[in-house]
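J.: Curious how this folds, go ahead:
(one chain, ligands or ions: 1)
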Amino acid sequence: MTDAPDRPIEAALFAPLLIAWQRTRGRHTLPWQQLGAARDAYRVWLAEVMLQQTQVAAVIPFYRRFLDRFPDVRALAEASLDDVMQRWSGLGYYSRARNLHAAARQVVERHGGQFPEDPALLETLPGVGRSTAGAIAAFAFARKAAILDGNVKRVLARVFLVEGDQRPAAYTARMWALSESLLPDADIERYTQGLMDLGATVCTPRRPACLICPLETRCLAHRASREEDLPMRVARKPLPERRTALLLVTRGDRVFLERRPPSGIWGGLWSLPEIPPDDADSLDAARRRFDAPGPVQTGPGFVHGFTHFVLHADTVRISAGPAVDTRCEDPAGASRWVRFDELAQLGLPTPVRALLATRAREP
Ligand code: SF4
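T.: Alright, predicted model coming up:
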């Protein structure tokens, strides 16, 4: 470490260091990057939404496939929600897909198919929070707008040695003010990209690579050897566990699926009907509904972690009776028999898709 003052880096120095670093060491080949060129707000928005809760490497193939199918905001707005959910299937956090679809319609209906440039207007789109709005405004319209995602919070908390519990609104307000105070007057795209790149590739949560960091000599946490103490971690309680039972009802080459309600977990996706676990009455009702001639088999299904709980799903296998046909289906289309070879065209939760792929044809 070289000798440097133990006071925070000046805003006038922060941005130039980051911009210069991004130019030589940042990421330039991500499919949604077109630094220096006019950027397409639709593509920027799509990438930012996909990146909200998913790592870059996982996003890239989905981003490409999504763009192939929905090349612009009008194509997305005109698509059915089913089609959108199917393309999103596997990426998780499905409310993002529902919001994406609703936002595309909003852009077409209220803004004539053009994304607004003002971050405050961008924030009115479903699924677009303040940081995502800032990123879209900076990348697509070169607006001087701040971002504050988890990576940026970490970088700023370390460089400026911001201590304290991250949960109170006052902490967030302080970090937003800090982020805004550092914005450069020019080259906002490269600056914003630099902040993202530094947080993702150098100033990582564990073992940050301080020796190759452009802020190494001016980072207060590094100077105090406290990089990994910041931002302060909040002790997490173990996640609650929930149990459910999924009905895997088959009839020849078909399986019975229901569309999940629009909100809640896996909202809008197709899935197996659910009943309470170990509930004899529900099991009997299911057997009657599907005319199950023989005994049903209950066994383990999968364990799936959500942000707020862990789901343990058992499976109840039922072979539907020969007389059961479309009468089990919902006339409004919320449940139906689906051929196994059609499953790829439907939006299914990843663990349910895996369950159907590996178990559905077992005797
Ligand atoms: S010097 Fe280390 S802790 Fe500070 S910003 Fe750079 S990588 Fe992060």
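J.: what's in contact with stretch 116-135?
T.: 44-45, 48-49, 52, 95-96, 98-100, 102-103, 106-107, 111, 115, 136-137, 140-141, 143, 145-149, 152, 176, 192, 196 (Cβ atoms under 8 Å, 6 or more residues apart in numbering). Yep, even glycine has a C-beta here, placed from its N, CA and C like the rest.
J.: Which of those residues fall within helices?
T.: Among these, the ones falling in helices (DSSP state H) are 44-45, 48-49, 95-96, 98-100, 102-103, 106-107, 111, 136-137, 140-141, 152, 176, 192, 196.
J.: Can you select the buried ones among the contacts of stretch 116-135 for me in PyMOL?
T.: For the buried members of the contacts of stretch 116-135, the matching PyMOL selection, counting by 16 or more other Cβ atoms under 10 Å, is:
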select buried, resi 44+45+48+49+52+95+96+98+99+100+102+103+106+107+115+136+137+140+141+143+145+146+147+148+149+152+176+192+196
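J.: Which ones among the contacts of stretch 116-135 also lie next to the ligand?
T.: Taking Cβ under 6 Å from any ligand atom as the test, the ligand is in contact with none of the contacts of stretch 116-135.
J.: which phi and psi does the most centrally placed residue in the chain have?
T.: Nearest to the geometric centre of the chain sits residue 53, at 3.4 Å (Cα atoms, centre = their mean). Residue 53 adopts backbone torsions of phi -130, psi 20, taken as degrees, to the nearest 10.
J.: Give me the phi and psi angles of the nearest residue to it once chain neighbours are set aside.
T.: Among residues not flanking residue 53 along the chain, residue 93 sits closest, at 4.7 Å (Cβ to Cβ, 6 or more residues apart in numbering). Dihedral angles of residue 93 (phi, psi; degrees, to the nearest 10) stand at phi 50, psi 70.
J.: okay but residue 93 is in contact with residue 52, surely?
T.: Yes: using Cβ atoms under 8 Å, residue 93 is in contact with residue 52, at 7.4 Å.
J.: where along the protein do the helices fall?
T.: 11-25, 41-51, 56-69, 73-78, 81-88, 95-111, 119-122, 130-141, 150-159, 169-181, 188-197, 220-223, 280-289, 350-359.
J.: got JSON lines for those, with mean pLDDT too?
T.: Shown next, in JSON lines, are the helices of the chain (pLDDT from 0 to 100):
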{"stretch": "helix 11-25", "mean pLDDT": "95"}
{"stretch": "helix 41-51", "mean pLDDT": "95"}
{"stretch": "helix 56-69", "mean pLDDT": "94"}
{"stretch": "helix 73-78", "mean pLDDT": "98"}
{"stretch": "helix 81-88", "mean pLDDT": "92"}
{"stretch": "helix 95-111", "mean pLDDT": "96"}
{"stretch": "helix 119-122", "mean pLDDT": "97"}
{"stretch": "helix 130-141", "mean pLDDT": "96"}
{"stretch": "helix 150-159", "mean pLDDT": "96"}
{"stretch": "helix 169-181", "mean pLDDT": "96"}
{"stretch": "helix 188-197", "mean pLDDT": "96"}
{"stretch": "helix 220-223", "mean pLDDT": "95"}
{"stretch": "helix 280-289", "mean pLDDT": "90"}
{"stretch": "helix 350-359", "mean pLDDT": "86"}
